[in-house]
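Chemist: Need a 3D model of the following:
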Amino acid sequence: MRTFLNWEILKRIEESPKEYIVQRNVDLLSAFLFGYEDIILELKDKKELEEKYIKMPSIEDYTIKKYNAHHIGTRNITSIISFISENELDFYKNYLSLLKEYEVKYSIEETISYILRQDKKRLKKNPNYEEISSYSEESLPEKMPSLNELFSHMRKRFPMYFGNYNLAPFRAFLDGYFLCKKDYQIALTPFEQKVKSFTKSIVCGSLEIENEFTTWDRKYRYDRDWKSWGDIDTVKEKDILESFWKDMDAYIESA
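Modeler: Numbers count the residues shown, from 1 in each chain. Next up is the predicted model:
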C-alpha cells in the first residue's frame, strides 16, 4: 500500500534544515517527524486513501525492489541508503532524493494533509458524528498521548524510539513536537512548559560559545564527554541519558 508522506513539513525542513533539525542527519529527521506528525496528527481521510491506493507499493517495498535488496531481513530501508552513501550528509541527501523519487513515480491526485488526532469518546459525543465519520470505531484515531505518558515509555525503552541512547534524536523529537503544537495552535500543558523551560536552561559549563549548532543536547553532553555529538561508548551514552532524566525531574519538581 502506498506511503503517504507529509510534504508540507518535509519541504520546510529541506529548505531550511538548520531551522528545524539543525544538523542534516537522517536519524534527526526521523525523530523530528516522529514528534511532529506521529504523536499529535492523523492523516486526513486515511481510510479512503488507503483503500484507493492499496495496490501501489509502499516506500519500503519500492526501495527494496529498486536496489534488489530482498535479503536485508528486518533492517530499515535507511540501511540500504546509508550503505551506498559516502557519509552522514550524503546519506541525508540521498534519503531525501529517494522520497522525492518515490513521490513522483507514484503521484496521486489528492493533496495529502494532516489533521489533529481526536479522542474517540469526545468525537462520538459530537451530534454530527454519523455525518462526519463513516469509519468503524476501530479505525478512528486514538487519543493523543500526553508528553508525560510518552516519557514514561521512553525511559524504559529509549532505543526502541530513537535507535540508541543519544540525546540528539530526543532533542529533535521535542523540537518537532513543540513545533507541531505551535503550528496547530495547541497550548502547552504545564508539564510541557516545564520540559521546554528545562531544555532552554541548559548551559555548557566548559564552553561559552553560542551559534546555530550549539543545541541544548550538545551543551549537556559536552560537559560529560570529550565531544558534543557523534558516536560514543554505549555505557557512557546511557550514563549521560540517565543523568539528563534525573536533572529534568529535579527541575520540574522544583519549578
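Chemist: use CA for all of it now, contacts and neighbours both
Modeler: Fine.
Chemist: Would you confirm that Thr234 contacts Gly163?
Modeler: No - using CA atoms under 8 Å, Thr234 is not in contact with Gly163, being 11.7 Å away.
Chemist: for the residue nearest the centre of the chain, what are its contacts?
Modeler: Centroid check for the chain by CA atoms, centre = their mean gives Phe34 as the closest residue, at 2.2 Å. Applying CA atoms under 8 Å, 6 or more residues apart in numbering to Phe34 gives the contacts 173, 176-177.
Chemist: From those, keep the buried residues only.
Modeler: Neighbour-count burial (16 or more other CA atoms under 10 Å) applied to the contacts of Phe34 gives 173, 176-177.
Chemist: So which of these is the closest to Thr199?
Modeler: Phe173 (12.7 Å; CA to CA).
Chemist: element containing that closest one?
Modeler: Using DSSP states H and E, Phe173 falls within helix 167-183.
Chemist: Quick check: Tyr177 touching Gly35?
Modeler: Yes - counting by CA under 8 Å, Tyr177 does reach Gly35; the two are 4.2 Å apart.
Chemist: Distance check, Lys11 against Leu96.
Modeler: 10 Å (CA to CA, to the nearest Å).
Chemist: Between those two, which is the more surrounded one?
Modeler: Leu96 (14 against 11; other CA atoms under 10 Å).
Chemist: From Ser152, how far out is the more buried one?
Modeler: Distance from Leu96 to Ser152, by CA to CA: 32 Å.
Chemist: again with Leu29
Modeler: Taking CA to CA, one finds Leu29 at 23 Å from Ser152.
Chemist: cool, Asn164 as well?
Modeler: 17 Å.
Chemist: higher neighbour count, the two?
Modeler: Asn164 (15 against 11).
Chemist: Can you report how many residues neighbour the residue lying closest to that one once chain neighbours are set aside?
Modeler: Spatial nearest neighbour of Asn164, chain neighbours left out: Phe158 (7.0 Å); criterion: CA to CA, 6 or more residues apart in numbering. Per other CA under 10 Å, the neighbour tally for Phe158 reads 19.
Chemist: And Ala187, by the same measure?
Modeler: By other CA under 10 Å, neighbour count at Ala187 equals 11.
Chemist: now do Glu50
Modeler: Glu50 has 15 nearby residues by other CA under 10 Å.
Chemist: how about it, what does it touch?
Modeler: 1-2.
Chemist: what about Glu42, is that helix, strand or coil?
Modeler: strand (DSSP: H, G, I helix; E, B strand; the rest coil).
Chemist: Now do the same contact list for it.
Modeler: Contacts of Glu42 (CA under 8 Å, 6+ apart): 114-117, 141.
Chemist: how near is it to Lys52?
Modeler: Separation of Glu42 from Lys52 (CA to CA) stands at 18 Å.
Chemist: now do Gly73
Modeler: 29 Å.
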